Every structure is written in C-alpha cells, then in structure tokens.
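J.: turn this into a structure:
(one chain, ligands or ions: 1)
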Amino acid sequence: KCSSLGNAASSEDTGSPPPIANRSDDPEACKHQPSWKPAKEHVMPKDVNHVLENTVLEMLPGPQHANTAVVKTVSLKEKFPGENILSKSFSSHSDLIPGVYEGGLKIWECTFDLLTYFTKAKVKFAGQKVLDLGCGSGLLGITASKGGAREVHFQDYNGLVIDEVTLPNVVANVPLQDDSNGKNEPDGKRQRKSEVGREICKCRLFSGEWAEFCKLVLREKLFVKYDLILTSETIYNPDYYSTLHETFLRLLSRNGRVLLASKAHYFGVGGGVHLFQKFVEEKGVFETRTLEVIDEGLKRFLMEMTFKHPS
Ligand code: SAM
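T.: This next block holds a predicted model:
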C-alpha cells in the first residue's frame with residue numbers, strides 16, 4: 001500500500017510489535033503485566049523551527065495523503081547508528097535504545113486503513129477533543145487536527161518516538177496561525193514561524209504507559225474527557241487489554257467513541273480483534289461495532305466502541 005515509504009509497515013513483517021519489557025525482577029509478575037513507565041508531557045518547544053532541523057521528511061504517497069510529510073525513519077537510523085530501527089526482527093526492536101520500544105517508530109498499516117476510512121466515511125473532527133492513543137507517527141491525530149479538531153493529544157509509550165517522530169510530524173503538518181509564508185511549498189518544507197502557532201498549541205504530546213498517562217491527565221483540575229479516541233495496532237498483546245479498556249473507560253466522554261484499527265490476529269503475541277472484542281463484551285461497558293473488514297494480505301478490522309449507556 002505504501003511501499004515507497006521507508007518507514008511504513010512491510011508485508012514481510014510478522015505484523016506484530018515487540019512486547020514491552022518488564023521492569024519487575026519477579027519472572028511470574030513479568031509474565032502478564034505491562035511494564036510500569038511513568039508518563040510525562042513533552043512540552044511543545046517555543047521555537048518550532050528547531051524541531052525540523054536535521055530532520056529528513058518525505059511526502060506520503062497517494063492522492064489521499066496530499067501534503068502530508070513524515071519523518072524518514074532512515075534519518076533516525078543515521079541519528080542512532082548501530083540501532084536496528086528498520087529491523088524486521090521484533091525481538092531486536094526492544095534493544096533499540098536502553099529501555100524498551102513498542103513499535104511507534106514506523107507507520108503500521110492499520111493507520112492507513114483508518115485514514116482511508118476517515119475520508120470514505122467523512123468522519124467529522126470539527127470541534128472535537130481527540131486522543132491519538134499509541135500514536136507513533138501521529139498521523140491519525142494530525143488528520144484530526146487538520147480536520148478542525150478543537151484539541152488533539154498524542155500518546156506513545158516511548159519518549160523517543162514522541163521527540164523524534166510524532167513532534168516533527170506534528171510540526172511539519174499542522175498549519176500555523178499565519179500560513180501565508182511559503183504557501184506553495186508542501187507542508188513539511190514551509191518556513192516555520194518562530195512563535196508556536198495557534199494550531200500547534202492545540203496539540204499536546206505525552207509518553208508513558210497507559211495507566212500512568214491516565215493518572216497524569218486526570219490529575220489536571222480542568223481535564224475534559226475525549227470526544228474521540230483514535231487507536232491503531234494497539235491490541236496486539238492481551239496482557240495490556242485490561243489497562244487499555246480502563247483507559248477508554250476513564251478518558252472517553254460518555255457520548256464519545258473509539259475508532260480502533262487492528263489486524264485480525266497478531267502472530268507471536270497472541271492478541272487480535274476477536275480476543276479483544278470478547279474481552280470488551282465480558283466487561284459489559286462498551287458496545288463494539290465492526291465498521292470494515294479489509295481482507296487483503298493480513299486480514300484487518302476497523303471497529304467502533306461506544307458506551308452501552310451513554311448519558
Ligand atoms: N499507532 C501507530 C501506528 O499504527 O503506526 C503505532 C502502533 S505501534 C505497533 C503500538 C503503539 O502502542 C506503540 O506506539 C506504543 O506506544 C503503544 N502502546 C502499546 N502498549 C502500550 C502500553 N501498555 N502503554 C502505553 N502505550 C502502549
């Protein structure tokens with residue numbers, strides 16, 4: 001689908017991200033619990049011009065992604081020589097940088113499924129508060145922002161992903177307040193204004209594990225829940241289902257919805273759509289609805305979740 005793009009998911013992949021390594025020394029505790037990683041906000045730099053310095057951008061192919069520039073992962077490879085960023089062997093991904101890596105450095109194919117769905121179903125973002133959960137590249141949130149979302153939050157497990165991929169992608173694509181400068185250039189090539197633009201201000205970025213992320217945002221006195229949670233390729237590991245479900249429960253507004261994209265099954269990790277749907281059904285809080293089945297290559301699903309009892 002996006003073969004010309006270096007950092008897009010490859011069909012030769014197993015289709016499964018690496019598991020989060022666990023910090024606990026107790027092997028039994030390690031087996032089923034996602035690791036604890038404190039959450040933090042990555043504050044938008046005052047001078048966004050610096051964000052794109054030493055960054056190589058490439059345009060996403062295809063007319064539906066017109067004017068969307070993304071960080072080329074190959075340039076990350078140059079930044080971190082010796083690290084196996086584009087490796088197809090997932091076990092080595094977790095050795096990327098000391099610590100762990102959950103797959104956010106490349107764009108996974110379900111992101112493209114959801115982007116296509118946004119256009120096809122004319123998904124409305126205007127005025128909404130949106131969360132791109134497990135954002136990686138942040139393309140889902142960026143699209144929501146371009147579509148007029150009131151506020152967009154991006155969350156990824158890894159701070160490195162936020163700093164090196166999500167943030168530059170946001171800066172390269174989210175329009176600035178005064179966009180008269182370089183109007184005919186593709187978004188990513190435009191001269192950025194020194195002050196943080198209004199549109200970029202409505203974007204906030206966070207790293208850390210989901211339960212910790214919830215704690216961090218819910219600590220805010222005036223926190224308002226999300227109207228829309230977008231999430232792609234985040235249900236690969238059944239060990240995280242409980243935290244993920246809790247995140248939806250705590251952060252989604254009663255009348256909001258989750259749009260989730262996933263492969264049918266993640267080989268090697270064991271998660272997938274049917275297992276997650278079963279988990280959600282057993283909890284009895286959310287209604288799930290299949291929006292689309294993409295039956296090419298590895299079978300993929302688009303799903304909607306809403307509260308069974310909205311207010
Ligand atoms: N959504 C992106 C895409 O489709 O290209 C990235 C998908 S990547 C396979 C899975 C993402 O889920 C990672 O970026 C990671 O940040 C996030 N993630 C998975 N498990 C997590 C957990 N327990 N806590 C926090 N983030 C998690």
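
J.: around the ligand, pick out the residues from the protein.
T.: Listed as neighbours of the ligand in the chain under the rule C-beta under 6 Å from any ligand atom: 17, 20, 34, 102-104, 107-108, 110-111, 134-137, 156-158, 209-210, 232-234, 240, 243. (Glycine included, C-beta is placed from N, CA and C.)

J.: among the residues you listed, name the ones in helices.
T.: Counted as lying in helices by DSSP state H, out of those, are 110-111, 210, 243.

J.: buried members of these into ChimeraX, please.
T.: A single ChimeraX command selects the buried members of these (16 or more other C-beta atoms under 10 Å):
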select :110,111,210,243
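
J.: redo the ones in helices among the residues of the chain next to the ligand as a markdown table? Include pLDDT.
T.: Shown next, in a markdown table, are those (pLDDT from 0 to 100):
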| residue | pLDDT |
| --- | --- |
| Cys110 | 96 |
| Thr111 | 96 |
| Trp210 | 95 |
| Thr243 | 96 |
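
J.: thinking again about what came up before, narrow the residues of the chain next to the ligand to those in strands?
T.: Residues of the residues of the chain next to the ligand located in strands (DSSP state E): 156, 232.

J.: now the residues of the chain next to the ligand: which count as buried?
T.: 17, 20, 34, 102-104, 107-108, 110-111, 134-137, 156-158, 209-210, 232-234, 240, 243.

J.: now do the strands in the stretch 1-150 of the chain.
T.: Using DSSP state E, counting those that start in this stretch, the strands of the stretch 1-150 of the chain run over residues 40-42, 57-59, 69-71, 129-133.

J.: most tightly packed of those strands?
T.: Among the strands of the stretch 1-150 of the chain, strand 129-133 has the highest mean neighbour count (mean count of other C-beta atoms under 10 Å), at a mean of 27.

J.: parallel or antiparallel, which strands does it pair with?
T.: If you go by DSSP bridges, strand 129-133 pairs up with strand 151-156 (parallel), strand 226-232 (parallel).

J.: quick one: Val48 and Ala149, what's the gap?
T.: 19 Å (C-beta to C-beta, to the nearest Å).

J.: got a list of what the residue nearest the centre of the chain touches?
T.: Centroid check for the chain by C-alpha atoms, centre = their mean gives Cys135 as the closest residue, at 1.2 Å. Neighbour list for Cys135: 104, 141, 154-156, 166 [criterion: C-beta atoms under 8 Å, 6 or more residues apart in numbering].

J.: which residue sits closest to it, ignoring its sequence neighbours?
T.: Phe154 (4.3 Å; C-beta to C-beta, 6 or more residues apart in numbering).

J.: wouldn't the one you found be in contact with Gly134 here?
T.: No - if you go by C-beta atoms under 8 Å, Phe154 and Gly134 don't touch, sitting 9.6 Å apart.

J.: name whatever forms a beta bridge with the residue in the stretch 201-311 of the chain that the ligand sits nearest to.
T.: The stretch 201-311 of the chain approaches the ligand most closely through Ser232 (3.4 Å), counting by C-beta to the nearest ligand atom. Here Ser232 shows beta-bridge partners Ala261, assigned using DSSP bridges.

J.: which ones are touching it?
T.: Here Ser232 is in contact with 108, 110-111, 113-114, 134, 136, 140, 260-262 (C-beta under 8 Å, 6+ apart).

J.: can you pull the pLDDT of the closest residue to Arg300 other than its chain neighbours?
T.: Nearest non-adjacent residue to Arg300, counting by C-beta to C-beta, 6+ apart: Ile294, 4.3 Å away. Ile294 is assigned a pLDDT of 97 by the prediction.

J.: who touches Ile294 in this structure?
T.: Per C-beta under 8 Å, 6+ apart, neighbours of Ile294: 113, 300-302.

J.: quick one on the thing from earlier: I'd like the strands paired with strand 129-133 laid out as a markdown table, including distance to Thr306 and mean pLDDT.
T.: Output for these, formatted as a markdown table (distance: least, C-beta to C-beta, whole Å; pLDDT from 0 to 100):
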| stretch | distance to Thr306 | mean pLDDT |
| --- | --- | --- |
| strand 151-156 | 20 | 97 |
| strand 226-232 | 11 | 98 |
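
J.: winner for burial among the ones you listed?
T.: With neighbours taken as mean count of other C-beta under 10 Å, the strands paired with strand 129-133 reach their highest mean count in strand 151-156, at a mean of 26.

J.: which residues does that strand contact?
T.: In this structure, residues lying in contact with strand 151-156 by C-beta under 8 Å, 6+ apart are 39, 102, 104, 129-136, 138, 141-142, 144-145, 162, 166, 170, 202-208, 210, 213, 217, 226.
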